[in-house]
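**Q** Here you go, sequence then predicted model.
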Amino acid sequence: MVKQFAGACLMTLLAAGTASFAQDAAATYKAKCQMCHGATGMADTPAGKSTKARPFNSPDVTKMSDDDLIKVITDGHAKMPAYKGKLTDAQIKDLVAYIHTLQK
Ligand code: HEC
């Protein structure tokens, strides 16, 4: 009985933790990235097309490692702005995890 209860509590905690992570990263993405990368990461916005952003699920992007993605977000690349000093390392890591959810 006690064990079951503890299990249920842990599940609730885990679920809550995941939800707040997803919400934070999703909100940051929506505010700062969506205008170029699109709501679904397809880069199908006018700004995405004019800056030549690639869909996150294209092979060029899916073959990149997390470190590669973190580097592009931190330091920028071509028309991709650098977010060094504007986002924390933790926020950038969460965004990479969020991008992976858009790659499915
Ligand atoms: C002004 C438009 C613009 C904004 C805003 C923008 N990006 Fe980008 N992003 C680009 C472009 C263009 C590229 C492709 C750069 C290149 O050619 O290497 C890119 C590349 C990337 C890449 C590397 C993989 C790829 O698609 O080439 C990641 C990851 C990425 N952006 C994440 C983000 C995140 C996270 C944000 C918000 C914090 C963001 N971007 C905001 C335009 C933008």
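**A** Nice, I can see it.
**Q** Contact residues of this structure facing the ligand?
**A** Neighbours of the ligand within the chain, by Cβ under 6 Å from any ligand atom: 32-33, 35-37, 47, 51-54, 56, 61, 69, 72-73, 77-81, 83, 95, 99. C-beta: built from backbone N, CA, C; applies to glycine.
**Q** Out of the residues you listed, which end up buried?
**A** The neighbour-count criterion (16 or more other Cβ atoms under 10 Å) marks 32-33, 36-37, 51, 53, 56, 61, 69, 72-73, 80, 83, 95, 99 among those as buried.
**Q** Ala43 - that's part of a helix, no?
**A** No - secondary structure of Ala43 (DSSP: H, G, I helix; E, B strand; the rest coil): coil, not part of a helix.
**Q** ok, now how distant is the closest residue to it other than its chain neighbours from Ala78?
**A** Once flanking residues are discounted, Ala43 sits nearest to Ala53: 3.9 Å by Cβ to Cβ, 6 or more residues apart in numbering. Going from Ala53 to Ala78 by Cβ to Cβ, to the nearest Å gives 9 Å.
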